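Engineer: Any chance you can model this:
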Amino acid sequence: MRLEAAGHPTVLVATASFAALARQAADAYGFPDARIVVVEHPLGGIGEDDVIARAERAVDAVLERLTGSR
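Structural biologist: The predicted structure is shown next:
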């Protein structure tokens, strides 16, 4: 949030189980318009290939939130 406050666009990536918490934290810290991308839960306890696949599925959403384009 410090980066965002300093003018550096950021995207918070949260798993589905923590999406509501991410939104609440962003609101509490004064970032109601925080860019949040939600990925499938969990990330821990799964194989590297599964983590990479989830990250790859999130890339377009992250880029869209950063650039405003699709």
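Engineer: Skip ahead from the one helix or strand Val37 maps to and say which helix or strand is next.
Structural biologist: Counting by DSSP states H and E, the element that carries Val37 is strand 36-39. From strand 36-39 onward toward the C-terminus, using DSSP H and E, the following helix or strand is helix 48-67.
Engineer: which residues sit against stretch 54-69?
Structural biologist: Residues external to stretch 54-69 that are found in contact with it (CB atoms under 8 Å, 6 or more residues apart in numbering): 9, 11, 13, 35-37, 39-40, 43, 70. Where C-beta positions appear, they are placed from N, C-alpha and C, glycine not excepted.
Engineer: my bad, should have said stretch 7-27
Structural biologist: The contact list for stretch 7-27, computed with CB under 8 Å, 6+ apart, reads 1, 3-4, 32, 34-43, 58, 62, 65-66.
Engineer: at 10 Å what do you get?
Structural biologist: Identification of contacts with stretch 7-27 by CB atoms under 10 Å, 6 or more residues apart in numbering yields 1-4, 31-44, 54-55, 58, 61-68.
Engineer: again with stretch 39-49
Structural biologist: In this structure, residues lying in contact with stretch 39-49 by CB under 10 Å, 6+ apart are 13-19, 50-51, 53-55, 57-58, 61-62.
Engineer: Narrow these to those that are buried.
Structural biologist: When neighbours are counted using 16 or more other CB atoms under 10 Å, the contacts of stretch 39-49 contain these buried positions: 13-14, 18-19, 54, 58, 61-62.
Engineer: Could you list the low-confidence segments of this structure?
Structural biologist: With pLDDT under 70 as the threshold, the chain has low-confidence stretches at 70.
Engineer: Most distant residue from the centre of it?
Structural biologist: Relative to the average C-alpha location in the chain, and by CA atoms, centre = their mean, no residue lies farther out than Gly47, which sits at 20.3 Å.
Engineer: so who does Ala34 touch?
Structural biologist: If a contact means CB under 10 Å, 6+ apart, then Ala34 has 1, 4, 10-12, 22-23, 25-27, 65 as its contacts.
Engineer: At the geometric centre of the chain, which residue do we find?
Structural biologist: Taking CA atoms, centre = their mean as the criterion, Val13 is the residue nearest the geometric centre of the chain, at 1.9 Å.
Engineer: All set, thanks.
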